[in-house]
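Asks: What shape does this take:
(2 chains)
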Number of protein chains: 2
Amino acid sequence: MSSPAAASPDHAAAPASGSSASSPSSSFSSASFSVSVSAPAIRAALDLLGSRLPIIQAPLAGVQLSALTLAACRAGAVGSLPAALLTLDVLQRELQLISSGTDQPYNVNFFAHVTPLPDPAREARWRERLAPYYTEYGVDPATITSGFGRQPFNHEVADVVEAFKPPIVSFHFGLPAPDLLARVKAWGSRVLSTATTVEEAVWLQAHGADGVIAQGWEAGGHRGHFLSADLTRQCGLMALLPQVVKAVSIPVIATGGISDAASVRAALALGAGAVQPGTAFLLSAEAITSPPHRQALRQPDLHHTAVTNLMTGRPARGIVNRLMREVGPMNELAPAFPMAGNALAPLRAKAEAQGSGDFSPLWAGQNFSGLKELPAADVIAALAEGFDEGVR
Amino acid sequence: MSSPAAASPDHAAAPASGSSASSPSSSFSSASFSVSVSAPAIRAALDLLGSRLPIIQAPLAGVQLSALTLAACRAGAVGSLPAALLTLDVLQRELQLISSGTDQPYNVNFFAHVTPLPDPAREARWRERLAPYYTEYGVDPATITSGFGRQPFNHEVADVVEAFKPPIVSFHFGLPAPDLLARVKAWGSRVLSTATTVEEAVWLQAHGADGVIAQGWEAGGHRGHFLSADLTRQCGLMALLPQVVKAVSIPVIATGGISDAASVRAALALGAGAVQPGTAFLLSAEAITSPPHRQALRQPDLHHTAVTNLMTGRPARGIVNRLMREVGPMNELAPAFPMAGNALAPLRAKAEAQGSGDFSPLWAGQNFSGLKELPAADVIAALAEGFDEGVR
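Replies: Residues are numbered from 1 along each chain as shown, chains lettered A, B, ... in the order given. Below is the predicted model:
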């Protein structure tokens, strides 16, 4: 498939073995990085991604816009833009900033869910459960809107994205309907999606994905499952990754616990061709992580995460806070995705105004060991050291 | 600390860098194995274990006796004997077989739980829940015994073990009371225990453990937690292992998903000094894994595990079967450990007699990728290839 970003000084579509050329616009020193040609999985991933490094900066919905995307691209990774929470206007603006700010490949990420039918009774039960908190915080439930939530990828969104023909488009919760997927592929975009089980990886390859993101149980944020809602089917990366690698022939990108060079080496040992770190960027200045979220990330005694459906209606991993302790972490009262957040919004706003993350999604994975307050380029450089040996 | 097994032709207390000498009694070819002296974590683990390889064959309660222990020892790993399910007579017999069968270091494993007080009401509620199955299988509930269950390590057990002064003694669910622990250490035995969180690893080092077994969420069998029963605190190995390695100074042995050379390399990359594979041995002839259990292990479409408290009262990972699907996998009706199994025993017996594992603990971890029907020595040789490169 053609690479949308033509050859340019800082875009190496097919990195040679040995050190890749430094780019004037990149703050990343390539001196320590080389890709051994004896690593076919890495080679295949680089051919797919078109980037200098086999690293995708994980799309972090709610805590980043294009600043992080651009910083990642300029450092040689694939920068990502999470689009699910963006209005069409903002999406267009951010895509413009990215496409004009770099020649490097970038990834636009969408959710592939189906908007649920309204269920007023379920909404009412959820608000009833939250009533004590409304009282405590002086929130009038009548002011709660049934808001925008998270928009799935649809033709309206595709109309905006089409002008940019992004090099990479990734999905969470499966793939969009065949006609939408065909549109994306017609742009020349390479399609990635998330698999939490071997079955999902096989399904994605069969249904047109060009690469699969194997999401270990360690990962922060939303679990990307779509074939089964049984969370017991989801495995730690040590188990998921090698079994996915065996089951598919498309490149496998590892995510979940990818935190530093050591975890990169571990993922490569297990057969990944590339890695997708997320939590590692949460304290970077280029992310717009909120103050209460940053504060929780900085405190080791708060490094307890759990998978919760309270924040949005779908299971997602974050730092355990008051809401999760008292109402969850999993509660069948939470409405269908993405509606649960509406009833929480006023509580979240009031609490955050007081500097508290008690009702906020404090997304984070289980592996805090590589988390540092560094620019994204330095985070990427640290991760890239994991690629600097010959890999079997 | 002194090594209980004095230097002998097939016991290398301090393996030199480069190939270790072959032992006439070992079927393991050492030609492909060398330990780089640039790997201090491995060095420290070998010094602790006293074995030729940084591999502990995981103790597999209910599916092995000394035959597997001896096979592992002769292949250069630390063979283990799970003692929790054994009567004192059988324990003594097995220890005799092991100690007379090898000069290599071996590990005797005990549970460090406290036997719960009888709770007839809870037992009765549990049997009530199982009543439909009793009817289906023609089991008379009056015939159920409040049986032996699993015995914790105590002075009576120590009296039997003392004569053997095992090189290594390991515990699950923490450590025994200080006086018992002091007895064990007075034998010269090196003490290991399982940590499912960083806090548990730190606690174990502070309370006298010589090495810690970091148990990732992927692991089969009983979860070894003892400081908190909150399972959300337990992490995939990608996250647990590096964080434990950072937190303690004693050797860290990785378990959970350790299935083949690739997973060994991954564990080493994350800082482990040794590995403890378990599931990988379940199809070896030296194990006494039951026919229904073996059958389930052989069928890829049955490779779905979950953590369940139904089998014994404590969370443990096994292949999802009928009981787990219909009553669990977690159910607060299950009595306290280790009492839940009594009420299941007649159902298990009847079902197994028909070749069914519907009511049996089909222990297994999440990573089936290295599982092969091979002698234990070949399983170990395959894993040992993960150590045969210079490791950082």
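
Asks: Get me the contact residues on chain A for chain B.
Replies: A:216-218, A:232-233, A:235-240, A:242-243, A:246, A:256-260, A:262-263, A:265-267, A:269-271, A:304-307, A:320, A:329, A:365-369, A:389, A:392 (CB under 8 Å from any CB of the partner chain). Quick note: C-beta positions are derived from backbone N, CA and C, even for glycine.

Asks: Sort out for me which of these are in strands.
Replies: A:305-307 (DSSP state E).

Asks: who wins for most neighbours among these?
Replies: Scoring those on neighbours with other CB atoms under 10 Å in any protein chain shown, the highest-scoring entry is residue A:305 at 27 neighbours.

Asks: dump the residue contacts of it.
Replies: Counting by CB atoms under 8 Å, 6 or more residues apart in numbering or on different chains, residue A:305 makes contact with A:220, A:317-320, A:364-366, B:232.

Asks: any idea how far residue A:226 is from residue A:119?
Replies: The gap separating residue A:119 from residue A:226 is 21 Å, by CB to CB, to the nearest Å.

Asks: Residue A:327 too?
Replies: Relative to residue A:226, and taking CB to CB, residue A:327 is found at 26 Å.

Asks: Next: residue A:234.
Replies: In terms of CB to CB, residue A:234 sits 12 Å off from residue A:226.

Asks: Between the two, which is the more surrounded one?
Replies: residue A:234 (24 against 21).

Asks: Where is the longest helix in chain A?
Replies: helix A:120-137 (DSSP state H).

Asks: buried residues in stretch A:283-294?
Replies: Using 16 or more other CB atoms under 10 Å in any protein chain shown as the test for burial, stretch A:283-294 gives A:283-284, A:286-287, A:289-290, A:292-294.

Asks: Next step: those residues restricted to helices.
Replies: Those of the buried residues of stretch A:283-294 lying in helices (DSSP H): A:292-294.

Asks: can you give me the helices for chain A?
Replies: Counting by DSSP H, the helices of chain A are A:40-49, A:66-74, A:88-101, A:120-137, A:155-162, A:178-186, A:198-206, A:237-247, A:261-269, A:291-298, A:322-327, A:340-353, A:376-384.

Asks: Can you lay out those as JSON lines showing mean pLDDT?
Replies: JSON lines is the format used below for the helices of chain A (pLDDT from 0 to 100):
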{"stretch": "helix A:40-49", "mean pLDDT": "96"}
{"stretch": "helix A:66-74", "mean pLDDT": "98"}
{"stretch": "helix A:88-101", "mean pLDDT": "98"}
{"stretch": "helix A:120-137", "mean pLDDT": "94"}
{"stretch": "helix A:155-162", "mean pLDDT": "97"}
{"stretch": "helix A:178-186", "mean pLDDT": "98"}
{"stretch": "helix A:198-206", "mean pLDDT": "98"}
{"stretch": "helix A:237-247", "mean pLDDT": "97"}
{"stretch": "helix A:261-269", "mean pLDDT": "95"}
{"stretch": "helix A:291-298", "mean pLDDT": "97"}
{"stretch": "helix A:322-327", "mean pLDDT": "98"}
{"stretch": "helix A:340-353", "mean pLDDT": "93"}
{"stretch": "helix A:376-384", "mean pLDDT": "97"}
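
Asks: Go through those helices and name the closest to residue B:90.
Replies: helix A:237-247 (33.1 Å; CB to CB).

Asks: Show me what counts as buried in that closest one.
Replies: A:237-245, A:247.

Asks: again, but for stretch A:98-105
Replies: Quick answer for stretch A:98-105 (16+ other CB under 10 Å): A:98-99, A:101-105.

Asks: Check the burial of residue A:329 by counting its neighbours.
Replies: 22.

Asks: give me phi/psi at it?
Replies: phi -70, psi -30 (degrees, to the nearest 10).

Asks: how about it, what does it touch?
Replies: A:306-310, A:320, B:232.

Asks: Residue A:134 too?
Replies: Counted by CB under 8 Å, 6+ apart, residue A:134 has contacts A:127, A:140-141, A:346-347.

Asks: do the same with residue A:321
Replies: Counting by CB under 8 Å, 6+ apart, residue A:321 touches A:296, A:357-360, A:362.

Asks: Is it possible to get JSON lines of those residues that adds neighbour count?
Replies: Formatted as JSON lines, the contacts of residue A:321 follow (neighbours: other CB atoms under 10 Å in any protein chain shown):
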{"residue": "A:296", "neighbour count": "21"}
{"residue": "A:357", "neighbour count": "23"}
{"residue": "A:358", "neighbour count": "20"}
{"residue": "A:359", "neighbour count": "25"}
{"residue": "A:360", "neighbour count": "24"}
{"residue": "A:362", "neighbour count": "25"}
